[in-house]
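Trainee: No sequence on hand, only this structure:
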C-alpha cells in the first residue's frame, strides 16, 4: 500500500490490533528506508558527474604523459648510446627512470602515512 492510498493516520480503525498497527509501522519504516536509499543514490550520481568527466580528461592526459615519458626515455637512451653504447645507454636510462619512480613512490607513501 503506498502512502497516497493509505488512510489518514489520525482516522485509524479502533478495531485494529497491535499486530496490525505494528505491521503498518514496519511498512512505513521500510518505505522510508527505501526512499532514503533512493535519495542518496540520486544525490551521489548528480554530485559524481563532474568528477567522472574530469577523471576521463585526466586519464587522457595521463596517456599522453606516458607517451612523452617513453619518448624521453628513448631520447636519453639514444643520447647515451653515442657515449657508452646502446646497451649501456638503455641500462643507464632505465636505472634513472626507476630511481625517479622510486622517489615518487616514497613521497606518495609518506603522504599516505601522514594522513592516518
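Mentor: Nice, I can see it. On a predicted model such as this, the values are computed, not experimentally measured, just so you know. Numbers count the residues shown, from 1 in each chain.

Trainee: drop to CA atoms for contacts and neighbour counts, all remaining ones
Mentor: Will do.

Trainee: Return the per-residue confidence for residue 98.
Mentor: With respect to pLDDT, residue 98 scores 90.

Trainee: For it, what is the enclosing helix or strand?
Mentor: Secondary structure assignment for residue 98, by DSSP states H and E: helix 86-115.

Trainee: try residue 49
Mentor: Taking DSSP H and E as the definition, one finds residue 49 inside helix 18-84.

Trainee: again, but for residue 16
Mentor: Assignment of secondary structure by DSSP H and E places residue 16 within no helix or strand.

Trainee: measure it to residue 22 for me?
Mentor: As defined by C-alpha to C-alpha, to the nearest Å, residue 16 lies at a distance of 10 Å from residue 22.

Trainee: same thing with residue 97?
Mentor: Distance from residue 97 to residue 22, counting by C-alpha to C-alpha: 68 Å.

Trainee: okay, those two: which has more neighbours?
Mentor: The neighbour comparison of residue 97 against residue 22 (other C-alpha atoms under 10 Å) goes to residue 97, with 15 against 11.

Trainee: need the contact list for that one.
Mentor: residue 73 (C-alpha atoms under 8 Å, 6 or more residues apart in numbering).

Trainee: so who does the residue nearest to residue 79 when sequence neighbours are not counted touch?
Mentor: Of all residues not flanking residue 79 in the chain, residue 89 sits nearest, at 7.4 Å (C-alpha to C-alpha, 6 or more residues apart in numbering). With contacts taken as C-alpha under 8 Å, 6+ apart, residue 89 has the following neighbours: 76, 77, 78, 79, 80, 81, 83.

Trainee: Just give me the neighbour total for the third one.
Mentor: The one in question is residue 78. Other residues near residue 78 number 17, with proximity taken as other C-alpha under 10 Å.

Trainee: does it really touch residue 88, like I thought?
Mentor: No. The pair residue 78 / residue 88 is not scored as a contact, 10.1 Å apart, by C-alpha atoms under 8 Å.

Trainee: confidence score at residue 7?
Mentor: Turning to residue 7, the model gives it a pLDDT of 60.

Trainee: And the residue of the chain positioned farthest from its centre, its phi and psi?
Mentor: Of all residues in the chain, the one whose C-alpha sits farthest from the chain's mean C-alpha position, using C-alpha atoms, centre = their mean, is residue 15 at 53.3 Å. Summarising the backbone geometry of residue 15 under the convention degrees, to the nearest 10, its torsions are phi -90, psi 0.

Trainee: Having no further points to raise, I will conclude here.
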